[in-house]
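S.K.: mind folding the following:
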Amino acid sequence: STGASLKDVEVKMTSDAEGVPFYTFESGKGLRSFIGVIQISEIYRLFQDANFALFNLNIRNFVGDTSTNKGLMESAKQDPDSFFFFNNGISAICESVSAQSDGKTLLCKNFSVINGAQTFKSLHKVYGQYSGYDKTDISKVKVMIRITEVDSIYKNTEFVDSITRYNNTQNAVQISDFRSNDAIQTGLHQKFKNITYQGKYFNYLNKRGMDRNTKHTHPIKLDDFCKIVHSFQKGPIDCFGGKQYLYESKPTGGYFFLFGDTQTNAILDHLPDELFERLADIYLVSIFSREIFTEFKKMQIEREEKQIDDARQNGEAPRTAIIGRALQGLYLIVFATAVVLQELALVKNLESKYALLSKLKISKPDVWQKDEDIRGGLKMAVTLACDLIIKDYTQQYQNNKNFVHRNYFREQATLERLTVGVKGEQTMLGMIADKLQ
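M.R.: Numbers count the residues shown, from 1 in each chain. Here you go, the predicted structure:
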């Protein structure tokens, strides 16, 4: 797989006062950039022809009417002559550029805007709002564009990432955005469409700004997905280095842990069906676990508050509320539930928690969600995980004079204690295993 698909486009440049349509810069290493100016009408035509395919290597689609984008559109309308000087311009890459016979048009093979998608789409929107003679003024809007040739785009990911990172200044870039175009993320987007539940398919949002469409789909955010599958398999990312670690593609990074190929020491260049099925199982059972956890947490907090209130009315010494604080680590619940499922697999003579999830047909939610025994067994598993976290948190809080709440959710020692705690619940594990027939 080569990740996101790209299109060939023709970009018509606007000549300067001396009749020069563009300037070509070539580095000592043979890299070439074509720098020039395009009119708003050309931006409109390009988007009408190619639509969002123009941004397939941009780390975000159009993020909507943010304050920055609103200001951009307003300046285009209010002072079209000066817009060129107010805007940073558009940066694009392609695999090859060839000038056409008119001397102004550049044929760009495998073209993509990598910085300036917000400018591009905002100007397309502004131009589309005008018609006939009203376009006279708005047509004066011009934008600088730089098109850089990058041989073998998908192999030069470090160079493309660098161009994007150093050019993005208009809207904040998140570290997860840099992974949005690789073959794993585009593969997840495509494959999740094949899973449906209650008449809706799962919409994996590998880019910010994509249509969530909650009325007809179950949206899955890239960032939440990666945190969940890492938490399930290894632990919450805060125990290993946070988001910087999670999206690091080197062999020591979290992204490599999730999607790396140990044979090549590189991120997989496609998403195998077997890996997708495992990831889908993890995500779907974790989302169900979250629902159970939310209900459990609400019920236990209300119960604790009543106990504290009763004690106060009886003149007893005030107690500290524990449960709400103990259950603040959403991704810790995912980890603890995974440990419980691993032990359940062993009780049922299965090789791993993944084999258990596969046997329960978790990747087919329309099937297992109707099975009361599976739902009941999983609810017991999540409840056990929550109980063990509350127990461990309480012990650490009461017995450790140097206890720091936030550190509890960052220390690998917490994961180790919870793992030991689950192994000590063989009676309860046996009861849950009997439920999951």
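S.K.: might you list the low-confidence residue ranges for the stretch 51-200 of the chain?
M.R.: Using pLDDT under 70 as the threshold, the predicted model of the stretch 51-200 of the chain has low-confidence ranges 59-68, 131-136, 154-157, 164-176, 178.
S.K.: could you pull out the helices in it for me?
M.R.: Counting by DSSP state H, counting those that start in this stretch, the stretch 51-200 of the chain forms helices over residues 67-78, 83-86, 117-128, 135-138, 157-167, 183-192, given from the N-terminal end onward.
S.K.: parallel or antiparallel, list what pairs with the lengthiest strand in the chain.
M.R.: Here the longest strand in the chain is taken by residue count, with DSSP state E as the criterion, and it is strand 105-115. According to DSSP bridges, the neighbouring strands of strand 105-115, each with its direction, are strand 7-12 (antiparallel), strand 90-94 (antiparallel), strand 96-99 (antiparallel).
S.K.: most tightly surrounded among these?
M.R.: strand 90-94 (a mean of 24; mean count of other CB atoms under 10 Å). To be clear about C-beta, it is placed using only N, CA and C from the backbone, and glycine gets the same treatment.
S.K.: which SSE is the closest residue to His124 other than its chain neighbours in?
M.R.: In this structure, His124 finds its nearest non-sequential neighbour in Phe47, 4.4 Å apart by CB to CB, 6 or more residues apart in numbering. When elements are defined using DSSP states H and E, Phe47 is found to belong to helix 40-50.
S.K.: now do Ala321
M.R.: Secondary structure from DSSP H and E places Ala321 outside every helix and strand.
S.K.: go on, Ile390?
M.R.: Applying DSSP H and E as the criterion places Ile390 in helix 372-399.
S.K.: now do the buried residues in that helix.
M.R.: 374, 377-390, 392-393, 396 (16 or more other CB atoms under 10 Å).
S.K.: average pLDDT for whichever helix or strand comes after that helix?
M.R.: Under the assignment DSSP H and E, the closest C-terminal helix or strand after helix 372-399 is helix 405-408. Summarised as a single mean, pLDDT over helix 405-408 is 93.
S.K.: gap between the residue most central in space within the chain and Tyr255?
M.R.: Averaging the C-alpha coordinates of the chain gives a centre point, and the residue nearest to it by CA atoms, centre = their mean is Leu222 (2.0 Å). Summarising the geometry, the distance separating Leu222 from Tyr255, computed by CB to CB, to the nearest Å, is 11 Å.
S.K.: between the two, which contacts overlap?
M.R.: Both Leu222 and Tyr255 are in contact with Arg179, where contact means CB atoms under 8 Å, 6 or more residues apart in numbering.
S.K.: touching stretch 227-243 from outside, list them.
M.R.: So stretch 227-243 is contacted by 175-176, 245-246, 254, 257-258, 279, 282-283, 286-287, 329, 331-332, 334-335, 337-338, 409-412, 414-415 (CB under 8 Å, 6+ apart).
S.K.: which of those residues are buried?
M.R.: Among those, those buried by neighbour count (16+ other CB under 10 Å) are 176, 245-246, 254, 257-258, 279, 282-283, 286-287, 329, 331-332, 334-335, 337-338, 409-410, 414-415.
S.K.: narrow those residues to those in helices?
M.R.: 245-246, 254, 257-258, 279, 282-283, 286-287, 331-332, 334-335, 337-338, 414-415 (DSSP state H).
S.K.: the residue nearest to His124: what's it in contact with?
M.R.: For Phe47, the contact set (CB under 8 Å, 6+ apart) comprises Leu54, Phe120, Lys121, His124.
S.K.: enumerate every residue touching the second one.
M.R.: Read that as Phe120. Under the criterion of CB under 8 Å, 6+ apart, the contact partners of Phe120 comprise Ile43, Phe47, Leu54, Phe55, Ile90, Val113.
S.K.: distance of it from Asn400?
M.R.: In this structure, Phe120 and Asn400 are separated by 55 Å, where distance is defined by CB to CB.
S.K.: repeat for the last one
M.R.: Taken as CB to CB, the spacing of His124 relative to Asn400 amounts to 59 Å.
S.K.: okay, the two: which has more neighbours?
M.R.: Comparing His124 with Asn400 by neighbour count (other CB atoms under 10 Å), the higher total belongs to His124, at 19 against 10.
S.K.: was I right about that one contacting Arg45?
M.R.: No. At 9.4 Å, His124 does not count as touching Arg45 under the criterion of CB atoms under 8 Å.
S.K.: quick revisit: so which residues make contact with the longest strand of the chain?
M.R.: 4, 6-13, 22, 34, 54-59, 88, 90-100, 120, 147, 153, 160, 163-164, 167-168.
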